[in-house]
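Peer 1: Sharing a model that was predicted from the sequence below.
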Amino acid sequence: MRRSLPVVCLALLALALAGTALAGNGGFAPAAPASPNENGIRAVYWLILGLTGGIFVIVEAALVVFIVRYRSRGRSREAEGPQVIGHTNLELAWTVGPVLILAVIAAFVFYKVGGIRNAPAATGGAETVRIEGHQFYWEFVYPNGAVSINTLRVPENRKIELDIVSADVAHSWWVPALGGKLDAIPGQTNRESFRATKLGTFRGQCAEFCGIQHAAMLAYVQVLPAGKYDSWVRQRLASPSEVGRETFQGVCATCHGLSGQGDIGPAIAQRPLLADRAALTKLLRNGGVKMPAVGKTWSDAQLKAALDYLAKRFKTGSGSGG
Ligand code: CUA
């Protein structure tokens with residue numbers, strides 16, 4: 001039993017590390033950065049991993065050396081070994097060492113934290129987007145009033161200022177490739193900014209437990225070339241049908257299914273309520289027994305877009321109309 005213990009320990013360690021290595025993102029590394037903000041987080045991560053990894057190796061090596069060197073060699077259990085009382089230099093070293101290490105970490109974090117929380121002004125100007133956390137979706141409101149659900153579009157290399165709010169309970173905005181997380185708290189606006197330096201779509205996830213569909217509260221950030229973004233945001237304002245479709249898919253379908261067939265929420269496809277605009281408006285604005293007030297903060301235009309889409313898609317009686 002004694003001899004097999006180290007083998008068991010090594011096997012457990014190997015198993016633990018194998019999972020990490022296979023987890024993607026290069027194993028131990030955080031998400032591949034697509035913004036200077038995330039570069040800062042990575043730099044802090046590697047510094048702390050390097051220091052703590054080094055300490056781990058030193059401590060474990062010392063442990064092994066002591067186990068081997070001071071083993072009992074057949075001495076009786078009661079025999080006392082030679083006594084060592086105090087060693088001033090050693091005690092100074094293990095007091096000053098950790099203080100220095102902590103000072104290095106603190107200094108480096110303070111040096112980096114500004115760039116993690118906020119992007120410096122970019123030559124391409126700045127753009128302010130309001131991010132609303134809702135049970136259970138993200139709504140993005142662009143400077144011109146256009147909205148999108150769950151997928152935020154941003155221009156490449158332009159500073160994006162985020163005003164993060166919540167319409168109901170606490171959520172947390174987090175897209176790892178683009179920067180740190182920031183809570184969406186009712187009654188408060190939290191601000192951060194970032195600048196995306198890579199084209200592509202980056203995935204995020206609500207990072208604060210907010211109710212039964214918290215896990216389904218995904219977020220995507222699509223980074224577009226600046227010109228393409230500008231035309232998209234202009235076109236989106238003039239496309240209520242797209243807003244209606246996105247609202248159904250991103251808001252209603254999360255609980256009622258993509259065909260309204262029901263999921264954790266009841267089936268809605270055949271409900272006569274869908275044809276009653278006044279009653280439906282009341283339900284969306286105020287919520288129901290179990291349903292959150294998903295449309296509490298929608299503009300009248302977005303509410304109309306959603307009602308029009310529902311009416312077109314689920315013509316009463318015909319099930320899946322469109
Ligand atoms: Cu929103 Cu969890």
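Peer 2: Sure, I can see it.

Peer 1: Can you name the residue of the stretch 1-150 of the chain nearest the ligand?
Peer 2: At 5.5 Å from the ligand, residue 133 is the closest residue in the stretch 1-150 of the chain, using CB to the nearest ligand atom. From N, CA and C alone the C-beta is placed, and that goes for glycine too.

Peer 1: List of residues touching the helix or strand hosting that residue?
Peer 2: Per DSSP states H and E, residue 133 falls inside strand 126-134. Residues from elsewhere that reach strand 126-134 (CB atoms under 8 Å, 6 or more residues apart in numbering): 138-143, 152, 154-155, 158-168, 170-173, 184, 193, 206, 210, 251, 292, 294, 297.

Peer 1: who's in contact with whatever helix or strand comes next after that strand?
Peer 2: Next helix or strand after strand 126-134 toward the C-terminus (DSSP H and E): strand 137-141. Here strand 137-141 makes contact (CB under 8 Å, 6+ apart) with 129-132, 147-153, 173, 206, 217, 219, 250-251, 254, 294, 297.

Peer 1: Now restrict these to buried residues only.
Peer 2: 129-132, 147-150, 152-153, 173, 206, 217, 219, 250-251, 254, 294, 297 (16 or more other CB atoms under 10 Å).

Peer 1: So which of the contacts of strand 126-134 sit within helices?
Peer 2: Among these, no member is found in helices (DSSP state H).

Peer 1: from these, which are also near the ligand?
Peer 2: Restricting the contacts of strand 126-134 to those within reach of the ligand (CB under 6 Å from any ligand atom) leaves 171, 206, 210.

Peer 1: which residues sit in contact with the last one?
Peer 2: Okay, so that is residue 210. Residues near residue 210 by CB under 8 Å, 6+ apart: 133, 135-136, 168-171, 217.

Peer 1: which one is residue 37 nearest to, not counting chain neighbours?
Peer 2: Using CB to CB, 6 or more residues apart in numbering and skipping residues adjacent in sequence, the residue nearest residue 37 is residue 179, 3.5 Å away.

Peer 1: So what's the residue count around the residue of the stretch 51-200 of the chain found nearest the ligand?
Peer 2: Residue of the stretch 51-200 of the chain nearest the ligand, by CB to the nearest ligand atom: residue 171 (3.4 Å). Residue 171 is flanked by 31 other residues according to other CB atoms under 10 Å.

Peer 1: For residue 184, see how far away it is.
Peer 2: 4 Å (CB to CB, to the nearest Å).

Peer 1: got any residues that touch both of these two?
Peer 2: Joint contacts of residue 171 and residue 184 (CB under 8 Å, 6+ apart) are 133, 208.

Peer 1: Run through the residues of the stretch 51-200 of the chain sitting next to the ligand.
Peer 2: 133, 171.

Peer 1: List the buried residues in the lengthiest helix in the chain.
Peer 2: Longest helix of the chain, by residue count under DSSP H: helix 36-69. Under the neighbour-count criterion of 16+ other CB under 10 Å, helix 36-69 has 36-44 buried.

Peer 1: still on that earlier bit, got the contact list for the residue of the stretch 51-200 of the chain closest to the ligand?
Peer 2: Taking CB under 8 Å, 6+ apart, we find residue 171 in contact with 133-134, 183-184, 206, 208, 210, 217.

Peer 1: Quick check: mean pLDDT of whichever helix or strand residue 114 is part of?
Peer 2: Here residue 114 sits within helix 88-117, counting by DSSP H and E. Here helix 88-117 scores 94 as its mean pLDDT.

Peer 1: pLDDT weak spots in the stretch 151-300 of the chain?
Peer 2: Within the stretch 151-300 of the chain, not a single segment meets pLDDT under 70.

Peer 1: and if we set it to 90?
Peer 2: Residue ranges of the stretch 151-300 of the chain with pLDDT under 90: 179-180, 258-277, 288-290.

Peer 1: do the stretch 1-150 of the chain as well
Peer 2: The stretch 1-150 of the chain contains residues with pLDDT under 90 at 1-33, 70-86, 114, 117-126.

Peer 1: residue nearest the centroid of the chain?
Peer 2: Centre of the chain computed as the mean C-alpha position; nearest residue by CA atoms, centre = their mean is residue 174, 2.6 Å away.

Peer 1: Can you name the residues that contact it?
Peer 2: Counting by CB under 8 Å, 6+ apart, residue 174 touches 180-182, 204-207, 219.

Peer 1: For the residue of the stretch 51-200 of the chain closest to the ligand, which non-adjacent residue is spatially closest?
Peer 2: Residue 171 sits nearest to residue 133 (CB to CB, 6+ apart), 3.2 Å away.

Peer 1: Neighbours of the one you found, how many?
Peer 2: Residue 133: 27 neighbours (other CB under 10 Å).

Peer 1: what bridges to it?
Peer 2: Under DSSP bridges, the beta-bridge partners of residue 133 are residue 138, residue 166.
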